[in-house]
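A.B. asks: With the sequence up front, the predicted model follows.
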Amino acid sequence: MPKLKTRRAVAKRVRLTSSGKLKRDHAFAGHLLTKKSAKRKRNLRKSGLINKADQARIRKMLGV
């Protein structure tokens, strides 16, 4: 059987933590930042985890 190909778009957006969780960056932090509060922008800088309901689907895309 041939090797599985990784979905490159997903691989660029998601990283695997050492404990096996999937880590991602927040959306809505790229532009139109003047109307957003400092608190909101600060929280968007932090990374988040992928929802448990989506993890199996994302793992399959990553080939993990």
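C.D. replies: Received it, and whenever you're ready, just let me know what you need. Residues are numbered from 1 along each chain as shown.
A.B. asks: Just the strands from the protein, written as ranges.
C.D. replies: Secondary structure of the chain (DSSP state E): strands at 14-16, 22-24, 48-49.
A.B. asks: can you list those strands in JSON lines and add mean neighbour count, mean pLDDT and distance to residue 31?
C.D. replies: (C-beta placed from N, C-alpha, C; glycine too.) Shown next, in JSON lines, are the strands of the chain (neighbours: other Cβ atoms under 10 Å; pLDDT from 0 to 100; distance: least, Cβ to Cβ, whole Å):
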{"stretch": "strand 14-16", "mean neighbour count": "15", "mean pLDDT": "96", "distance to residue 31": "22"}
{"stretch": "strand 22-24", "mean neighbour count": "17", "mean pLDDT": "97", "distance to residue 31": "19"}
{"stretch": "strand 48-49", "mean neighbour count": "12", "mean pLDDT": "96", "distance to residue 31": "19"}
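A.B. asks: Let me have the ones you listed in a markdown table, adding distance to residue 42 as columns.
C.D. replies: Shown next, in a markdown table, are those (distance: least, Cβ to Cβ, whole Å):
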| stretch | distance to residue 42 |
| --- | --- |
| strand 14-16 | 21 |
| strand 22-24 | 17 |
| strand 48-49 | 14 |
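A.B. asks: which one of the ones you listed lies closest to residue 63?
C.D. replies: Residue 63 sits nearest to strand 14-16 of all these, at 11.1 Å, using Cβ to Cβ.
A.B. asks: Who does the closest one pair with, and is each partner parallel or antiparallel?
C.D. replies: Partner strands and pairing direction for strand 14-16 (DSSP bridges) are strand 22-24 (antiparallel).
A.B. asks: Let me see the ranges of the helices in the chain.
C.D. replies: 8-11, 38-45, 52-62 (DSSP state H).
A.B. asks: Ok, which of these comes nearest residue 24?
C.D. replies: helix 52-62 (8.9 Å).
A.B. asks: Mean confidence (pLDDT) on that closest one, please.
C.D. replies: In this model, helix 52-62 has an average pLDDT of 95.
A.B. asks: ok, back up a step: out of the helices of the chain, which comes closest to residue 23?
C.D. replies: helix 52-62 (10.9 Å).
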